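Asker: Quick one: sequence and predicted model below, then my questions.
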Amino acid sequence: MDTTLAVRARGITKCFGDVVALDGVDLDVAPGQIHGLVGPNGAGKTTLLGLLLSLAVPDEGSLEILGAPVGRALTAPDGVAGFVDGPGLYPSLTARQNLAALARLRGRGASIDDVLAQVGLTDVADDRVRGFSLGMRQRLGLAAALLTMPRLLVLDEPSNGLDPAGKRHVHGVLNRLAADGATVIVSSHRMDDVEALCSEVTILAAGRVVFTGPLGKLSAENRALDYRIRTSDPEAARRLTADTPGVDIVDSAELLVVRAEIPALDDLVSRLVRGGVAVRELAPVVSPLEAAFLALTEQETDR
Ligand SMILES: Nc1ncnc2c1ncn2[C@@H]1O[C@H](COP(=O)(O)OP(=O)(O)OP(=O)(O)O)[C@@H](O)[C@H]1O
């Protein structure tokens, strides 16, 4: 198996005038991985993806892609494809004509019919792109990237505008690509998308990496979360909660909302049950992953 990293970035810095978009970013992405890039607006995601696609060059730092150092030429290294800020398409051409034009420019490895089928656009292959929805354009952008049979696929918000079925379809395409050994890097604003698709994630905040690693490690980090608890006896539950060490009541007006780490929460549930209070529902207010994301990015944005 090829163990050369698909991406190895060290100390990447990129400024636009006074704005520091990336500030000493290190990133390792192993081959065959679907890697998520998340962060609040302005965190630097698009800038980083643009560097991977050689749309710009870093001010400082070193970048290796598919084992080769990236120079200062503004052309995507061999084996790399993708898009940032939406795919560039010709609206007056059909989907098939767009792909044919790109194939003439860049050469191709895959067949146009095959990539159209992969992204589910066969039925509209001869329609003009002008009439395409955002989701259809995103799929066509993906087809354009697949045409070159990339070993590294870089996509900025590929789920934008996709309906749930479209999203599942695109996730299927990306999973197959990764299973065949290609590496996929996707940015997203949605933690549920990242959870469904990615094995590893990098969180950027204000141009810095605040977390990079397996998703499991992120959600397992020990921190107090808010939980919503519905019981058979709200008043008794509130009293028992107030007496439980390590558990804070956030709200008890409608539903009981408490903040606790897992051991204290376990203790609370035992106390409720022992006190004759049935627990009918207990759920985190936001998913553990989203809570970790918020905690990590808020810390950095507040600095
Ligand atoms: N071409 C540019 N000229 C000037 N400033 C830029 C340029 N591109 C990015 N920036 C700035 O760099 C910072 C990072 O922007 P970037 O688009 O990479 O963030 P992002 O994480 O992709 O944000 P979003 O989630 O809103 O797409 C922002 O402050 C942005 O205003």
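Answerer: Noted; the coordinates are in hand. Numbering: from 1, shown residues only.

Asker: where does the stretch 51-200 of the chain have low pLDDT?
Answerer: 74, 108 (pLDDT under 70).

Asker: residue boundaries of the helices in it?
Answerer: With DSSP state H, counting those that start in this stretch as the criterion, the stretch 51-200 of the chain has helices at 95-106, 112-118, 134-146, 164-179, 191-197.

Asker: Select, out of the ones you listed, the one closest to the ligand.
Answerer: helix 191-197 (13.5 Å; C-beta to the nearest ligand atom). The way it works is simple: take the backbone N, C-alpha and C, and place the C-beta from them, glycine included.

Asker: What would the closest one look like as PDB? C-alpha coordinates only.
Answerer: Only the C-alpha atoms of helix 191-197 are listed here, as PDB (Å, rounded to 0.1, in the frame of the first residue of the first chain):
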ATOM      1  CA  MET A 191     -21.300  18.600  11.100                       C
ATOM      2  CA  ASP A 192     -23.900  16.000  10.200                       C
ATOM      3  CA  ASP A 193     -22.500  15.800   6.700                       C
ATOM      4  CA  VAL A 194     -19.000  15.500   8.000                       C
ATOM      5  CA  GLU A 195     -20.100  12.800  10.400                       C
ATOM      6  CA  ALA A 196     -21.800  10.800   7.600                       C
ATOM      7  CA  LEU A 197     -18.900  11.100   5.200                       C
END
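
Asker: So for it, what gets flagged as buried?
Answerer: 191, 193, 194, 195, 197 (16 or more other C-beta atoms under 10 Å).

Asker: As CSV, the residues you listed with distance to the ligand would be great.
Answerer: Output for these, formatted as CSV (distance: C-beta to the nearest ligand atom, whole Å):
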residue, distance to the ligand
191, 14
193, 14
194, 14
195, 18
197, 18
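
Asker: for the residues you listed, which one is nearest residue 249?
Answerer: residue 191 (26.5 Å; C-beta to C-beta).

Asker: Make sure that closest one is actually in contact with residue 289.
Answerer: Yes. Between residue 191 and residue 289 there is a contact at 5.1 Å, judged by C-beta atoms under 8 Å.

Asker: Now do the strands in this protein.
Answerer: Shown for the chain, the strands assigned by DSSP state E span residues 7-16, 19-29, 34-38, 60-65, 68-69, 80-83, 152-156, 183-187, 200-205, 208-214, 225-231, 248-251, 256-260, 279-284.

Asker: So in that sheet, which strands flank the fourth one, and in what orientation?
Answerer: Okay, so that is strand 60-65. Taking DSSP bridges as the criterion, strand 60-65 forms sheet pairs with strand 7-16 (antiparallel), strand 68-69 (antiparallel).

Asker: before we move on, the earlier item: return the most buried member of the helices of the stretch 51-200 of the chain.
Answerer: Ranked by mean neighbour count, the helices of the stretch 51-200 of the chain are led by helix 134-146 with a mean of 22 (mean count of other C-beta atoms under 10 Å).

Asker: Mind giving me the packing neighbours of that helix?
Answerer: strand 80-83, helix 95-106, helix 112-118, strand 152-156, helix 164-179 (3 or more C-beta pairs under 8 Å, 6 or more residues apart in numbering; DSSP states H and E).

Asker: run the last query once more with 7 Å
Answerer: Counting contacts by 3 or more C-beta pairs under 7 Å, 6 or more residues apart in numbering; DSSP states H and E, helix 134-146 is packed against strand 80-83, helix 95-106, helix 112-118, helix 164-179.

Asker: will you turn those into a markdown table that also has distance to residue 156?
Answerer: Shown next, in a markdown table, are the helices and strands packed on helix 134-146 (distance: least, C-beta to C-beta, whole Å):
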| stretch | distance to residue 156 |
| --- | --- |
| strand 80-83 | 6 |
| helix 95-106 | 18 |
| helix 112-118 | 19 |
| helix 164-179 | 14 |
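
Asker: and these as a markdown table, adding distance to the ligand?
Answerer: Shown next, in a markdown table, are the helices and strands packed on helix 134-146 (distance: least, C-beta to the nearest ligand atom, whole Å):
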| stretch | distance to the ligand |
| --- | --- |
| strand 80-83 | 13 |
| helix 95-106 | 24 |
| helix 112-118 | 26 |
| helix 164-179 | 18 |
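
Asker: Check what contacts stretch 270-288 and list those residues.
Answerer: 191, 219, 225-233, 236-237, 240, 244, 257, 269, 291 (C-beta atoms under 7 Å, 6 or more residues apart in numbering).
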